[in-house]
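**Q** mind looking at a prediction? Sequence and model below.
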Amino acid sequence: MGKAEENKRFKRNTLLSKSYDLFTTKGISDTSISDIVNSAGVAKGTFYFYFKDKQDIIDHLVARKSETILLNALTSLERRREVEPDISTIDMIIAICDSLVTDLSKDPKLAKFLNRNLSLGFYHKAVTDDTLITSVNVHEEYEKILHSNGSQWKDELIMLYTLIEFVSSTAHNIILENRPCDLDTYRPYMYECIRKICEVFEA
């Protein structure tokens, strides 16, 4: 990688890093593009070279931040499949959701950010916008898990929506507000709820 490319990557990463810091301290609505560029020490034109607007940088942050915890979840699932090759599809989904919630519980700031911005609408956008696809294509990974054991499902997109909403609300209420109980107390109920959600969509 040449010096010019390194400089571009550095500026883009700085914009992402500084915007995340501002979004999670000041709040998204109270953070302007001027705030972001001033914090990053770049001109406003530099911001627009990399991002269309504030929503665009939010989308890229969601993609980047969710990629990290999803990669951890997929790695954890692969290790489990090595010792439990006959694990059911529903148990794989439960394992993925559990890993995501566990990672979010270790980073409440990230949990709050993703809770506000993680939605099925974002994933629709991610599938159609090549710039948002990171090293993990969420939709492809979801499809692989769903059909890994020859399982059949109905309304798969609605199922994904329901799972995202459930995990997101769990992250907010349990992790951020510790209501109605702590995460460890809630886990068995969470597993059973995810199982029931999946069973609704079994073909």
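**A** That came through fine.
**Q** in the protein, which residue is closest to the centre?
**A** residue 66 (2.9 Å; CA atoms, centre = their mean).
**Q** distance of it from residue 167?
**A** 11 Å (CB to CB, to the nearest Å). In short, each C-beta sits where N, CA and C put it, glycine included.
**Q** same thing with residue 196?
**A** As for residue 196, its distance to residue 167 is 14 Å (criterion: CB to CB).
**Q** which of these two has more neighbours?
**A** Between residue 196 and residue 167, residue 167 has the larger neighbour count (other CB atoms under 10 Å), namely 21 against 10.
**Q** show me the residues around that one that make contact.
**A** For residue 167, the contacting residues are 97, 100-101, by CB atoms under 8 Å, 6 or more residues apart in numbering.
**Q** in which helix or strand does it reside?
**A** Taking DSSP states H and E as the definition, residue 167 sits inside helix 156-170.
**Q** angle of the next helix or strand after that helix against helix 156-170?
**A** As assigned by DSSP H and E, the chain's next helix or strand after helix 156-170 is helix 183-200. When axes from the mean of the first three to the mean of the last three CA atoms, to 10 degrees is applied, the directions of helix 183-200 and helix 156-170 differ by 170 degrees.
**Q** pLDDT (mean, whole number) over helix 183-200?
**A** Across helix 183-200, pLDDT averages out at 95.
**Q** now swap in stretch 60-69 and tell me
**A** Across stretch 60-69, the average pLDDT comes to 85.
**Q** perfect, I'm done here.
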